[in-house]
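Peer 1: using only what follows, build the 3D model:
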Amino acid sequence: MIINRSFSSSLLNKERFGSLKSLVLLVVIAILATSNTYAQSGFETIDGLRYLIDSDVKTATLAANNGDEKYSGNIVVPEKIKASDGVEYPVTAFGSNAFKDCDGLKSIIIPSSVTSLGNSCFEYCI
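Peer 2: Below is the predicted model of the structure:
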């Protein structure tokens, strides 16, 4: 009888431990999902320019265009942009490779809010 109780008690402890692990995993997933809601970064295209919006630090970084489309012509980068969430974000940086291989550029007006240029930002611009 003692052996059976020990065995069944052992099984109950394993089931409880398994349930506890499942609960902890569920809580961790919920926390991660919630934290991603508050600290989001995402890309938006506004007036033909693609930006990485960082809603956590409230800034925007000009990014390279998607795919094969390169920036060309006369580019005027605004000091602030209004994102789809209705918030205005200062444009504080040009990202890495933002204008790389953009051989059709004629001019770029950079606002004073830009304080950082990413690696290879203007590489191979003619």
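Peer 1: and the residue nearest to K58 when sequence neighbours are not counted, which of the three is it?
Peer 2: In this structure, K58 finds its nearest non-sequential neighbour in Y89, 5.9 Å apart by CB to CB, 6 or more residues apart in numbering. Where you see a C-beta, it was placed from the backbone N, CA and C, and this is true even at glycine. Using DSSP: H, G, I helix; E, B strand; the rest coil, the structure places Y89 in strand.
Peer 1: hey, what's P90 bridged with?
Peer 2: Here P90 shows beta-bridge partners K80, assigned using DSSP bridges.
Peer 1: report the contact partners of it.
Peer 2: The contact partners of P90, by CB atoms under 8 Å, 6 or more residues apart in numbering, come to K58, T59, A60, E79, K80, S113.
Peer 1: which of those sit farthest apart?
Peer 2: Pairwise distances among the contacts of P90 were taken by CB to CB; the largest, 13.9 Å, belongs to K58 and E79.
Peer 1: thought the residue nearest to K58 was touching P78?
Peer 2: No: Y89 lies out of contact with P78 (CB atoms under 8 Å); the separation is 10.3 Å.
Peer 1: neighbour count: those two, which is higher?
Peer 2: Ranked by neighbour count (other CB atoms under 10 Å), Y89 and P78 place Y89 first, with 23 against 17.
Peer 1: ok, the more buried one to S55 distance?
Peer 2: Between Y89 and S55 the distance, using CB to CB, to the nearest Å, works out to 8 Å.
Peer 1: common neighbours of those two, please.
Peer 2: Listed contacts common to Y89 and S55 are A83; contacts here mean CB under 8 Å, 6+ apart.
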